[in-house]
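In: just to be clear, the model below is a prediction. Sequence and coordinates:
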Amino acid sequence: DIQMTQSPSSLSASVGDRVTITCRASQGISSYLNWYQQIPGKAPKLLIFAASTLQSGVPSRFSGSGSGTDFTLTIDSLQPEDFASYYCQQSYSTPITFGQGTRLEIK
Amino acid sequence: QVQLQESGPGLVKPSQTLSLTCTVSGGSISSGSYYWSWIRQHPGKGLEWIGYMFYSGSTYYNPSLKSRVTISVDTSKNQFSLKLSSVTAADTAVYYCARAYTAIPRAWFDPWGQGTLVTVSS
C-alpha cells in the first residue's frame, strides 16, 4: 500500500494568515493526488484534484502543487470557514489511501 | 446536481453483517465515468477506502477488507449497497457513500453522502 503522510498533524493560525500543508507519498504517484476539507460532523468535500486543479466552486485562495512524492496545499488569507481538517488522497494504485489528516485550528 | 444519501441500521451485533444502501438522486447511477464508492471513518480518525464499483460490474476492494466486503449496484432503484460480514467493534465507524470520478488511475470522490454512524455492539 502507498502510505500518505501529512504534516503537520495540527496547525494553529489566525484569520488572514497563509498556511501550507504538506503531503508525502511513500512512492511516486505522479499527479494522482487529491485534497479534501472536512468540517467537524460533516462529510469531506473535494477541494483539489490531480494535484493542482481547483474543484468548481472552491475559492481561489486554495491552491495545490507537487508531483511525484511531495505535494502541498496552500490556503491564502485564511477565512473563518477554513478552520477544519484537511486530507490528501492518492489514486495511483489500489488500495486508494488517505493521509492521516491535518487539523487547522484558530489561534 | 447529484446527491447521495446513506441508509441502514445504526446498530449491528458482533459477527453479523452490516448492510447499508446509498440512494443517488439528481443523476443516473449508470451514466458517465463514475464508480460508486464506500469510505469509512473510525471515530476521531482518518478516512479508509472500502471499495468501489462501476454500474456494469467492475469492482475494486481494499485488500484489508476484501474477504468480508460486497458492493453491489441496483440500477433500477438508482442505488448501491455495501455488505460487510462478520463485523467486530473495530468496524464501528461513520460510513460514507461517494461518487468517484475515475479514469484509472485518476480517481477522486465527489460528492459524498452525509455519512451514517454504524456501531457494532451486542
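Out: Yes, it's here. This structure is a prediction, so every number in the text was calculated from the model and none was measured.
In: and residue 6, how many neighbours?
Out: No chain in the question, so chain A it is. Counted with other CB atoms under 10 Å in any protein chain shown, the neighbours of A:Gln6 add up to 21. The way it works is simple: take the backbone N, C-alpha and C, and place the C-beta from them, glycine included.
In: wait, chain B
Out: When neighbours are defined as other CB under 10 Å, B:Glu6 has 22 of them.
In: correct me, but A:Met45 touches A:Tyr36?
Out: Check again: residue A:45 is Lys, not Met. Yes. Assessed by CB atoms under 8 Å, A:Lys45 is found in contact with A:Tyr36 at 6.2 Å.
In: and those two? Which one has more around it.
Out: Taking other CB under 10 Å, A:Lys45 and A:Tyr36 do not tie; A:Tyr36 has more neighbours (27 against 18).
In: excluding its backbone neighbours, what's nearest the more buried one?
Out: A:Pro44 (4.0 Å; CB to CB, 6 or more residues apart in numbering or on different chains).
In: chain A versus B:Ser28, what's the distance?
Out: The gap separating B:Ser28 from chain A is 20 Å, by CB to the nearest CB, to the nearest Å.
In: list the contacts for that residue?
Out: B:Thr75, B:Asn78 (CB atoms under 8 Å, 6 or more residues apart in numbering or on different chains).
In: I'd assumed B:Gln114 was in contact with the residue nearest to A:Tyr36.
Out: No. Between A:Pro44 and B:Gln114 there is no contact under CB under 8 Å: 11.1 Å.
In: ok, those two, which is more surrounded?
Out: A count of neighbours by other CB under 10 Å puts A:Pro44 above the other of A:Pro44 and B:Gln114, at 27 against 14.
In: pLDDT value on that one, please?
Out: For A:Pro44, the pLDDT comes out at 98.
In: look up how far B:Trp108 lies from the residue sitting nearest the centre point of chain A.
Out: In chain A, the centroid-proximal residue (CA atoms, centre = their mean) is A:Trp35; its distance is 4.0 Å. Applying CB to CB, to the nearest Å, the value for A:Trp35 to B:Trp108 is 9 Å.
In: in what helix or strand does A:Cys23 lie?
Out: Using DSSP states H and E, A:Cys23 maps to strand A:19-25.
In: all set, thanks.
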